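Student: Sharing a sequence plus its predicted fold:
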Amino acid sequence: MFRKILVAVDGSPITGKVLAAAADLARHYDAELHCIYVIETGWSDGDTTRELVIRELEDESEDMLAGFEKELTRMGARAVLHLKRGHPGETILAAVNETSSDLVVIGSVGKSQISRMLSGSVSTFVVTHSPAATLVIKP
């Protein structure tokens, strides 16, 4: 039923549960698994300090993705890792199209409660706009 699964992670407490669900589905359907982490870059462009902060975030994010990869491997799943910059919801949707994923697995609660209050939740955005089926994992 599902050939390609995209799991969106952000390092929040629910991430382990999201990864476990995605790994289980990937094993069950013998699906290709893609794991995406998005660095939110909603600040003003061209700022040198901003670029330095983003580079540091990228380094931390690469380490986090490596940890997610180890966790997925421990669960019996292998994933293609994607580290992207941008608006999380829009970037996840772009990755759905780039990878031709037919299922997105995402957590209902993300890392930033403040961001959620200001702009709405990423999971709601993805559910509303994704061309693929979306599974939202609750805590």
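Tutor: Noted; the coordinates are in hand.
Student: what's the longest helix in the chain?
Tutor: Longest helix in the chain by number of residues (criterion: DSSP state H): helix 48-74.
Student: Name the next helix or strand following the helix or strand of the chain with the lowest mean pLDDT along the chain.
Tutor: The least trusted helix or strand in the chain, going by mean pLDDT, DSSP states H and E, turns out to be helix 113-119, with a mean of 48. Next helix or strand after helix 113-119 toward the C-terminus (DSSP states H and E): helix 122-129.
Student: can you pull the buried residues of that following helix?
Tutor: Along helix 122-129, the positions that meet the burial threshold by neighbour count (16 or more other C-beta atoms under 10 Å) are 122-123, 125-127. Backbone N, C-alpha and C define where each C-beta goes, glycine included.
Student: now do stretch 94-109
Tutor: Neighbour counts using 16+ other C-beta under 10 Å place 95-96, 99, 101-107, 109 of stretch 94-109 among the buried residues.
Student: Need the worst-confidence member of those residues.
Tutor: pLDDT across these is lowest for Val109, at 76.
Student: Doesn't that residue lie inside a helix?
Tutor: No: secondary structure of Val109, determined by DSSP: H, G, I helix; E, B strand; the rest coil: coil, with no helix assignment.
Student: That one against Asp10, yeah?
Tutor: No: here Val109 lies out of contact with Asp10, judged by C-beta atoms under 8 Å, at a distance of 9.7 Å.
Student: list the helices and strands the helix or strand hosting Asn97 packs on?
Tutor: Assigned by DSSP H and E, Asn97 belongs to helix 88-99. The criterion is 3 or more C-beta pairs under 8 Å, 6 or more residues apart in numbering; DSSP states H and E, and the helices and strands that helix 88-99 contacts are strand 4-9, strand 32-39, strand 79-85, strand 103-107, helix 122-129.
Student: want to throw the buried residues of stretch 94-109 into a markdown table with distance to Leu83?
Tutor: Putting these into a markdown table (distance: C-beta to C-beta, whole Å) gives the following:
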| residue | distance to Leu83 |
| --- | --- |
| Ala95 | 11 |
| Val96 | 16 |
| Thr99 | 14 |
| Ser101 | 17 |
| Asp102 | 22 |
| Leu103 | 21 |
| Val104 | 17 |
| Val105 | 18 |
| Ile106 | 17 |
| Gly107 | 18 |
| Val109 | 22 |
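Student: With that, I have no additional questions.
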